[in-house]
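> What follows is a protein structure lacking sequence information:
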């Protein structure tokens, strides 16, 4: 069986988060949606996504800080 790519979606708007994860599932991706993130390293370690889609304006860490933290963990 072919492995499905996993996409992590970080979005604080519930409606947008629901639509994005539903569309990704429709196109046969494994998707995980979370409304915010305080500890990027642990989230990446837990979910091990192939791709992260993030909103820029979020409570806690903004999108730039999330990307910077991901880059440092790689």
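Nice, thanks for sending it over. Small disclaimer: the values here were computed from a predicted structure and weren't measured.

> list the buried ones in stretch 26-46?
29-33, 37, 40, 43-44 (16 or more other Cβ atoms under 10 Å). C-betas here are computed from N, CA, C, even on glycine.

> Can you tell me the SS state at residue 3?
State at residue 3, reduced to three classes by DSSP: H, G, I helix; E, B strand; the rest coil: coil.

> Check the one 4 residues further on too.
Secondary structure of residue 7, reduced to three states by three-state DSSP: strand.

> State the pLDDT value of it.
Residue 7 carries a pLDDT value of 98.

> Name whatever forms a beta bridge with it.
Beta-bridge partners of residue 7, counted by DSSP bridges, are residue 31, residue 51.

> That one touches residue 34, doesn't it?
No. Under the criterion of Cβ atoms under 8 Å, residue 7 makes no contact with residue 34, lying 11.8 Å away.

> Just flag the most distant two among the buried residues of stretch 26-46.
29 and 40 (20.4 Å; Cβ to Cβ).

> outside of the longest helix along the chain, which residues touch it?
Looking across the chain with DSSP state H, the single longest helix is helix 14-26. The contact list for helix 14-26 (Cβ atoms under 8 Å, 6 or more residues apart in numbering) reads 7, 9, 11, 31-33, 35, 53, 55.
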